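Q: Any chance you can model this:
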Amino acid sequence: MLKNFLLICTNVLFGKKIVLINSPLQFLNFIELVNLKKKNQEFQHKYIFLAYLSDKRIKIIKNINKKVYFSNYLIIPFKYNINVYFLHLLIKFRKYFLKDFKNLIFGDFEYYLFKEFYKISKNKVMLDDGTKSLLFNKRFNLSKKNLTIFTIFKKETFPKVKTIINNYFFLNKFINKNKSCKKKINYYIGSPFVEAGILTKSQYLFLINKIINYYKNLEFIYIPHHAEEKHNYLSYKFKNILVPKYNIELYLANKNFYPNLIVGSHSTSFPIIKRIFKNNIKLNPFNFEVNYKVRAPGYNSYAISETGNFFKKNILKKIKKIIINVS
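A: Numbers count the residues shown, from 1 in each chain. Down below sits the predicted model:
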């Protein structure tokens, strides 16, 4: 722990470049970026620093790292190695007394800690954070000077910002070459709507039941998002629940078959799976809207609408919409 503490202090105060990750998806996108730009030294780093993540997310990131043999980098979580208040003091000291970072690679444009690093960095690369990135133009209020976004979304999504398109070429290398058939396996990709306060538990159960009722003759295996609480997803009463060691995209790439169907609602996994597997997997995401009289505190009609419109344009033109009236 002392060694990592000193590495964090040294890099935060004197490092020329730094990588900050806040989720498994951001880490996967960082791997893609580094492999795409492997001849460019600006994108090569010794250390990857993880924000104050849950133990579950840290474990998933390390599992991804192990699975893709991305072992040239030392992964250092802030959580186990440095007090957040002391880290803020180091950032402030550098801000007032030392030079800015030359290069910053970061993942979460809304995370307060990453914003502080952003303010003291000259050149910035933002890693796509899934459908949350669709809200970038509305929510990001810092200078976009010298900012590049590495993304699966079209350039028009980020006007006046330089973009690099992520086609997941590296992840494609891990697709099992023996994929020769489809199996009658159907997945329901979960979302942490309850944990984020977007939906109440009864509303999320209503949404799940409405979706699976469209397929009365099929059984679904529920794949919870890594931010979902175990006591919640166990109560959804699916006969089968699958919790992969790493993210769903890497899990699907590694299997020797294609699933028959994947359903869910507003999951970032849908556009990524579409990009990687093309039309080899049938995807059927559902849109939803909650009656204004029973909306939970975290419900954001703009975010729900933006994600729904993106899915309609890029995943499924005739996407079904579920109206939630329960509280």
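Q: Touching the helix or strand bottoming out on mean pLDDT in the chain from outside, list them.
A: When the helices and strands of the chain are scored by mean pLDDT, DSSP states H and E, helix 301-314 comes last with a mean of 84. Applying CB atoms under 8 Å, 6 or more residues apart in numbering, the contact partners of helix 301-314 are 131, 134-135, 138, 153, 198, 266, 270-271, 274, 285, 287-289, 295, 319, 321. To be clear about C-beta, it is placed using only N, CA and C from the backbone, and glycine gets the same treatment.
Q: does residue 183 sit in a helix or strand, and which one?
A: Residue 183 is part of strand 182-189, with elements assigned from DSSP states H and E.
Q: who's in contact with that strand?
A: For strand 182-189, contacts defined as CB under 8 Å, 6+ apart pick out 208, 211-212, 215, 218-223, 225, 238, 242, 248, 257-264, 267, 269-270.
Q: After that strand, which helix or strand is next? Please name it.
A: The helix or strand immediately downstream of strand 182-189 is helix 201-212, counting by DSSP H and E.
Q: Can you tell me what sits against that following helix?
A: Contacts with helix 201-212, where a contact means CB under 8 Å, 6+ apart, come from 188, 193-194, 199, 218, 220, 232, 235-236, 263-265, 286, 288, 290, 294, 296, 322, 324, 326-327.
Q: Quick check: buried residues in it?
A: Neighbour-count burial for helix 201-212 flags 203-208, 210-212 (criterion: 16 or more other CB atoms under 10 Å).
Q: quick one: the helices in the stretch 151-300 of the chain?
A: 169-172, 201-212, 230-233, 248-254, 269-277 (DSSP state H, counting those that start in this stretch).
Q: Give me the buried positions along the third one.
A: Read that as helix 230-233. By neighbour count with 16+ other CB under 10 Å, helix 230-233 contains the buried residues 232-233.
Q: Next, find the distance separating the residue nearest to residue 267 when sequence neighbours are not counted from residue 167.
A: Nearest residue to residue 267, sequence neighbours excluded (CB to CB, 6 or more residues apart in numbering): residue 189, at 4.6 Å. Noted for residue 189: a distance of 21 Å to residue 167, by CB to CB, to the nearest Å.
Q: Please say which of those two ends up with more neighbours.
A: Neighbours were tallied for residue 189 and for residue 167 using other CB atoms under 10 Å; the higher tally belongs to residue 189 (22 against 12).
Q: pLDDT value on that one, please?
A: The model reports residue 189 with a pLDDT of 96.
Q: likewise the one 4 residues further on?
A: According to the predicted model, the pLDDT of residue 193 comes to 94.
Q: who touches residue 229 in this structure?
A: So residue 229 contacts 194-195 (CB under 8 Å, 6+ apart).
Q: Look up how far residue 194 lies from it.
A: 8 Å.
Q: What residues are bridge-paired with the closest residue to residue 58 other than its chain neighbours?
A: Spatial nearest neighbour of residue 58, chain neighbours left out: residue 77 (5.3 Å); criterion: CB to CB, 6+ apart. Beta-bridge pairing for residue 77 (DSSP bridges): residue 50.
Q: how close does residue 77 get to residue 19?
A: For residue 77, the distance to residue 19 (CB to CB) stands at 13 Å.
Q: do the same with residue 159
A: With distances taken as CB to CB, residue 159 is found 26 Å from residue 19.
Q: can I assume residue 96 sits in a helix?
A: Yes - the assignment for residue 96 is a helix, going by DSSP: H, G, I helix; E, B strand; the rest coil.
Q: in the stretch 1-150 of the chain, which spans are strands?
A: Applying DSSP state E, counting those that start in this stretch to the stretch 1-150 of the chain gives strands spanning 17-21, 47-50, 74-77, 101-106, 121-127, 147-151.
Q: and these as a markdown table, adding mean neighbour count?
A: Below are those laid out as a markdown table (neighbours: other CB atoms under 10 Å):
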| stretch | mean neighbour count |
| --- | --- |
| strand 17-21 | 23 |
| strand 47-50 | 22 |
| strand 74-77 | 17 |
| strand 101-106 | 21 |
| strand 121-127 | 21 |
| strand 147-151 | 21 |
